[in-house]
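J.: Fold the following, please.
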Amino acid sequence: MKTYACLLLVVAVLVLGGVTPVMADAEEILQPLRDELGRTLSDLVMEDLERPFYVSYTIDDIVELTIDGALGTLTRSTLERSRYLTTDLRVGDQVLDNSNFVAGYYRMPPPFTRIAVDNNYDAIRNVVFLESDKAYKRALKTLSQKRAYLQTRVMKNRPNDMVTVPSSKTISPAVPLEVNQERYEEMVRAASEVFREYPMILSADIELRAVACNQYFVSLTSEAVRPDVIVVIDLVLRGKSVEGEDVADADRLIARRDSDLPDHNALIAWAREHAETMKATLAAESIEEYAGPVILDGRAAGEFFRQLFAQNISDCPGAMFENDNTARQSPTAELGGKVKRRVLPAFFDVYDDPTIDRLGEVTLVGSYPVDDAGVPAQRITLVEKGKLVSLPLGLAATKKVTEPNGHGRGAVSKEVTGRPANLVFESSDQVEFEQLKATMLEMCLDVDLEYGLVIERLEDADGLPGEPEVFRFFGGGAAPESKLTAPLRAYKIYADGHTEPVRNLQFSNVTIRTLRDILQTGNKLYGYDYLIEGDYEMPATIVTPALLIEEMELKKSEAKVKKPPVLTSPLADR
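T.: Numbering: from 1, shown residues only. Below is the predicted model:
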């Protein structure tokens, strides 16, 4: 297995045509952070109030290329350079501090600010000084509110607000911030050109983002310099079925190495495969309802585990909310309180390992050497024989998991909390995929169903790429009565082996209890790459076999249907 060290080489192949690479001396950025951290801890105090006991500064130095394309043309190609400072300052002590408490009616994202992209000591340190002052005053106010709240509540065995962070220093060489704009523009043009031949697809949008980032982190106990690079290609297709219903398809490719991106011909083939599938889906029939066994193949199995397992072990422990209505409306990690309890069938073991970037033939995109809290990455076992035994942690402890484990993940405007990286599901009850289908068809025969259902892809938990943030806030594409988003690609399979695509279905009555309804798995592992909360700073991979689930309920989508265009596409007349 290759380690994260491979990432140090990756940015070298992303060369920005005609522009001098941006290269920072790490010491020029770390030194003003160190100096202001020392002064903040020793001198920042108001009257007889508490001093900070923990401070960390994170600077994200970023070059981001965004290219949008449609029908062989570019609709946008922008290159942006930016630096952001995020400050985490705490007053109180490890038992009770100002973190993880929401006063009022809204949970605001952690504050951040832009800083100079030039390596100027005075300019950087002055911003750090100002942000430290703001953070200190906010922390004092929040801690006072939190103490008042706790005086009105009975909370037994409340875990400490902060774990003991080990001392560490992980300084990887900062890398030139470069991306190959000309090459990526040609890739987008070539892939989007394919859809000229498919006038029944009303819109076909491709977006490529290439992000190179050096992250600089300084705290009381840790220092880190971490180079990151990611290239994401999003494809979103929309059309109208023969019955006038809205139909969508989407896919996302994520690479942490240039060599992991598809070449020119492979990218065109990828786009054409989606076009042909969309064409067939538009002509497919819809069904009113289905209740029976379901196979989740490859990517669908990954998204299933993302939504029902990964999201429900993340962000533990949950925040305390001053307002009860705000608490009820905020998502919670439903598995966070189930450590030492069975959450999966006994034939499953699960671990998370950010220290590797490949597992067999599967490439993993969630790798890193040190987490966003300055803790070195480590492999953790999460499930043993179906029983949840641990959780990914950031800086906050839970009742049953109290030691940091290198899984603190965050981003600009995102809190650092425990989140997975490379999540691997291992099954001891494996069969060939053909046998999995045969078992499903036998189950269908027993309950007088003439076909079974195979689902190949589910809508992303954050909604289709390009959806407004407000749509993501309200749960993406999941139906109100379900915790699982709608299938994007599915087909019926009959006893004689023939298949028929179906469209516009949504799940009913899916809960985390559905995890225990998995009967058997395939014997091939698939890698499903995604972005946590849709953020390019938090890529992750789920490795899973195909899943046979005893029973799932689906029904025809209840989404509102938009009126079709009055005229046909001009491409149809050619």
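
J.: Please enumerate the strands of the stretch 101-250 of the chain.
T.: In order along the chain, the stretch 101-250 of the chain carries the following strands (DSSP state E, counting those that start in this stretch): 101-102, 112-114, 168-171, 201-219, 222-240, 246-255.

J.: Could you save those as a markdown table and add columns showing distance to Val424?
T.: Glycine gets a C-beta too; all of them are placed from N, C-alpha and C. Formatted as a markdown table, the entries for the strands of the stretch 101-250 of the chain read as follows, by distance: least, C-beta to C-beta, whole Å:
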| stretch | distance to Val424 |
| --- | --- |
| strand 101-102 | 33 |
| strand 112-114 | 32 |
| strand 168-171 | 23 |
| strand 201-219 | 25 |
| strand 222-240 | 20 |
| strand 246-255 | 17 |
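
J.: Could you dump these into JSON lines with distance to Tyr526 and mean pLDDT added?
T.: Below are the strands of the stretch 101-250 of the chain laid out as JSON lines (distance: least, C-beta to C-beta, whole Å; pLDDT from 0 to 100):
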{"stretch": "strand 101-102", "distance to Tyr526": "37", "mean pLDDT": "92"}
{"stretch": "strand 112-114", "distance to Tyr526": "36", "mean pLDDT": "96"}
{"stretch": "strand 168-171", "distance to Tyr526": "31", "mean pLDDT": "92"}
{"stretch": "strand 201-219", "distance to Tyr526": "23", "mean pLDDT": "95"}
{"stretch": "strand 222-240", "distance to Tyr526": "19", "mean pLDDT": "95"}
{"stretch": "strand 246-255", "distance to Tyr526": "14", "mean pLDDT": "95"}
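
J.: Nearest to Ser56, out of those strands?
T.: Nearest to Ser56, of all the strands of the stretch 101-250 of the chain, is strand 201-219, at 3.6 Å by C-beta to C-beta.

J.: Could you list the buried residues of that closest one?
T.: With burial defined by 16 or more other C-beta atoms under 10 Å, the residues of strand 201-219 counted as buried are 201-202, 204-219.

J.: and if you look at stretch 482-493?
T.: Along stretch 482-493, the positions that meet the burial threshold by neighbour count (16+ other C-beta under 10 Å) are 482-493.

J.: From the chain's centroid, how far away is it?
T.: Relative to the centre of its chain, stretch 482-493 is centred 20 Å away, using C-alpha atoms, centre = their mean, to the nearest Å.

J.: Span of it from start to end?
T.: Start and end residues of stretch 482-493 are separated by 24 Å (C-alpha to C-alpha, to the nearest Å).

J.: Stretch 367-385 too?
T.: Taking C-alpha to C-alpha, stretch 367-385 runs 25 Å from one end to the other.

J.: go on, stretch 388-403?
T.: In terms of C-alpha to C-alpha, the two terminal residues of stretch 388-403 are separated by 16 Å.

J.: picking up where we left off before, pull the most distant pair out of the buried residues of stretch 482-493.
T.: Of all pairs drawn from the buried residues of stretch 482-493, the widest gap by C-beta to C-beta lies between Lys483 and Ile493 and measures 25.5 Å.

J.: What score does the residue nearest to Asp357 when sequence neighbours are not counted have for pLDDT?
T.: Across the structure, with C-beta to C-beta, 6 or more residues apart in numbering as the measure, the residue nearest Asp357 apart from its sequence neighbours is Ser367 (4.2 Å). On pLDDT, Ser367 comes in at 97.

J.: Confirm for me that Ser367 is in contact with Leu359.
T.: No - counting by C-beta atoms under 8 Å, Leu359 is not a contact partner of Ser367; they are 10.7 Å apart.

J.: Now find how far off-centre the helix or strand hosting Thr66 is within its chain.
T.: Per DSSP states H and E: Thr66 is located in strand 52-70. Centre-to-centre, strand 52-70 and its host chain are 16 Å apart (C-alpha atoms, centre = their mean).

J.: counting contacts, what elements does that strand pack onto?
T.: Taking 3 or more C-beta pairs under 8 Å, 6 or more residues apart in numbering; DSSP states H and E as the contact definition, the neighbouring helices and strands of strand 52-70 are helix 26-43, strand 73-91, helix 121-150, helix 181-193, strand 201-219.
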